[in-house]
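Student: Have a look at this prediction, sequence included:
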Amino acid sequence: MIASEFHSITFVGPSTSAYLIVRRPCLSALTGCFDAVSNAARERDCRRPVLSETPISDSGQFLIDYSPSWSSIKMRIGFIGAGKMAQALARGLINSGRIGAENIIASSPKRDYQFIDQCKTLGLTTTHDNSEVVHKSDVIVLAVKPIHVSKVTSEIAPALSREQLVVSIALGITIRNIESLLPTKSRVVRVMPNTPAVVRAGASAFAMGSACRDGDAEIVKDLLSTVGFAVEVPEVQIDPVTGLSGSGPSYMFAAIEGLADGGVKVGLPRDLAIKLAAHTLYGAAKMVLETGVHPAQLKDDVQSPGGSSIYGMHKLETGGLKGILIDAVEAATNRSRATGDKALPRDFRNAEMEKKIEEEKTASNPNNQLL
Ligand SMILES: NC(=O)C1=CN([C@@H]2O[C@H](COP(=O)(O)OP(=O)(O)OC[C@H]3O[C@@H](n4cnc5c(N)ncnc54)[C@H](OP(=O)(O)O)[C@@H]3O)[C@@H](O)[C@H]2O)C=CC1
Ligand SMILES: O=C(O)[C@@H]1CCC=N1
C-alpha cells in the first residue's frame, strides 16, 4: 500500500458502500489499498469493491461500491507489442464500449508509420518505449513473440510495481519463467486468447501466477469476457488450449475456405460460397453453445438415411477428418510446449529440458526455427 495515496475508509450503511480517501483516482490507488479494503469488506460480507469514477468531494474522497463488478473502474491497459493479437484485443475492448481508446497504450519498436497509423486509427496512444507503457498502465499485456519475451521483460522490470498486473499472451512461455524475469512477487497471469476477440467472439483461458492477489482473477476474467468467452484453468492446460482455441481460428478459416472452394467447384459464385460457408460454421457453433446438445447428436439430426449429408460425411471420414483435427490440436499443443522451452534463456533450463528440446529439434522441427 502506498501511504500517500491512502488516507482512510469510512463505511456508510450496512454493506454496500464506503468512502475511501485517496489522492489519485486510478486503479493502483485502489489496489494499493486492496488488503485494507478487502479485509474491511470481508468483515462486512461485501463483494469486490469498485471505486467511483469521480471524486465526491474536493478533498479526494471517492465512493467505494461493493455491489457491481470491476468493470466500472477506469483501467489503463498497456500492450507491449502492437501486432495482430494486441490489435485484436484492443479493438474488441474498445468496440465493447467498456474501455476507452484513451485508456490504452501500445508499444512497438518499428519506426515505420504502419504500426502508428493502425493504432492511431483505433485511437490508441503509441510509443516506441516499453517502459512508457508500464508507467501509463494498470494492466500490462506482453503481446510479443516468445523469443522477445526475455528482452521486453528485462526492459520493463525496473519500471514495474506490485500495483500492476502483467498479462502474458506469449506462446508457450510459462508463468514461472516470466516471474523469474520480473521483480519478486510480480503479479503475473498467463492468457491464451484468440483473434476472434476482435469481433468480441474470442475464446480465452487464463492461469494465475503465484503472487496474484485476491481479485486479480476477476479483473482478468472481466476484461477477457468483454471480448468473448473466458475461463480460468490450471496452467498445465494452457498449452492444450493453445492447440485448440488459440490456434483453432486458423483451422476454421481453412475449413471455410475449403467449403467455399467446394461451393465454387459445383457452380456457386465465390463471394456467396464464402458467406454460406461462414454462416454454416457460425450456425453450427451457435447451436452447440445454445442448445447444449452434444455435437454428435446435432450431426445425426442433419443426416437423413440415404440423404446428401451422409454421402458428404463419408468422404470427410474417408479423409480422416476427426483424426486430422485431433492430430492438429496435438501437434499445436506440442509446438507450444516446445516453443516455451526453447524461448527460455539458458539459465532457466535444466538438463531434462535441454534433452527434450534436442529431441524435439530432431523429431519434428529439423530447421529448429524459433517463431
Ligand atoms: N496471432 C494469434 O492468433 C495469437 C497470438 N498469440 C501470441 O501473441 C504474441 C504476439 O503474436 P502476434 O500478435 O500474432 O504477433 P505479431 O508479430 O503480429 O506482433 C508482435 C509484435 O511485437 C512487436 N515487438 C517485437 N519486438 C518488440 C520489442 N522489443 N518491444 C515491443 N514490441 C516488440 C512486433 O513489432 P515488429 O513488427 O516491429 O517486430 C509486433 O508488433 C505471440 O507470442 C503469439 O504466440 C496468442 C494467441 C493468438
Ligand atoms: O501460432 C501462433 O504462434 C499463435 C499462438 C496461438 C495462435 N497463434
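Tutor: Ah, there it is. Residues are numbered from 1 along each chain as shown. Ligands and ions are numbered 1, 2, ... in the order given.
Student: Taking the centroid of this protein, which residue is nearest it?
Tutor: P193 (4.1 Å; C-alpha atoms, centre = their mean).
Student: tell me the contacts of that one?
Tutor: 85, 88-89, 169, 202-204, 224, 227, 246 (C-beta atoms under 8 Å, 6 or more residues apart in numbering). The C-beta positions use only the backbone N, C-alpha and C, and glycine is treated the same way.
Student: before we move on, what about I99?
Tutor: So, once contact is read as C-beta under 8 Å, 6+ apart, I99 ends up touching 75, 77, 93, 226.
Student: Can you name the residues that contact the second one?
Tutor: To tie it back to what came earlier, the one meant is I77. Contacts of I77 by C-beta under 8 Å, 6+ apart are 90, 93, 99, 103-105, 137-139, 141, 223.
Student: That one and T291: what is the separation?
Tutor: Separation of I77 from T291 (C-beta to C-beta, to the nearest Å) stands at 35 Å.
Student: Report the buried residues of stretch 307-315.
Tutor: By 16 or more other C-beta atoms under 10 Å, stretch 307-315 has no buried positions at all.
Student: how about the residues of the stretch 151-300 of the chain that lie near ligand 1?
Tutor: Contacts of the stretch 151-300 of the chain with ligand 1, taken as C-beta under 6 Å from any ligand atom, map to 151-152, 169-171, 192-195, 246.
Student: Tell me how many other residues surround whatever residue of the chain ends up closest to ligand 2.
Tutor: Relative to ligand 2, the nearest point of the chain is G246 (3.6 Å; C-beta to the nearest ligand atom). G246 has 26 neighbouring residues, counting by other C-beta atoms under 10 Å.
Student: residue ranges of the strands in the stretch 151-300 of the chain, please?
Tutor: For the stretch 151-300 of the chain, applying DSSP state E, counting those that start in this stretch gives strands covering 165-168, 187-192, 202-208, 228-232.
Student: any chance of these in CSV, with mean pLDDT too?
Tutor: Shown next, in CSV, are the strands of the stretch 151-300 of the chain (pLDDT from 0 to 100):
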stretch, mean pLDDT
strand 165-168, 98
strand 187-192, 98
strand 202-208, 98
strand 228-232, 97
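Student: Out of the ones you listed, which gets nearest to G319?
Tutor: Across the strands of the stretch 151-300 of the chain, G319 has its closest neighbour in strand 202-208 (26.0 Å, C-beta to C-beta).
Student: elements contacting that closest one?
Tutor: Identification of packing neighbours for strand 202-208 by 3 or more C-beta pairs under 8 Å, 6 or more residues apart in numbering; DSSP states H and E yields helix 84-96, strand 187-192, helix 216-225, strand 228-232, helix 238-241.
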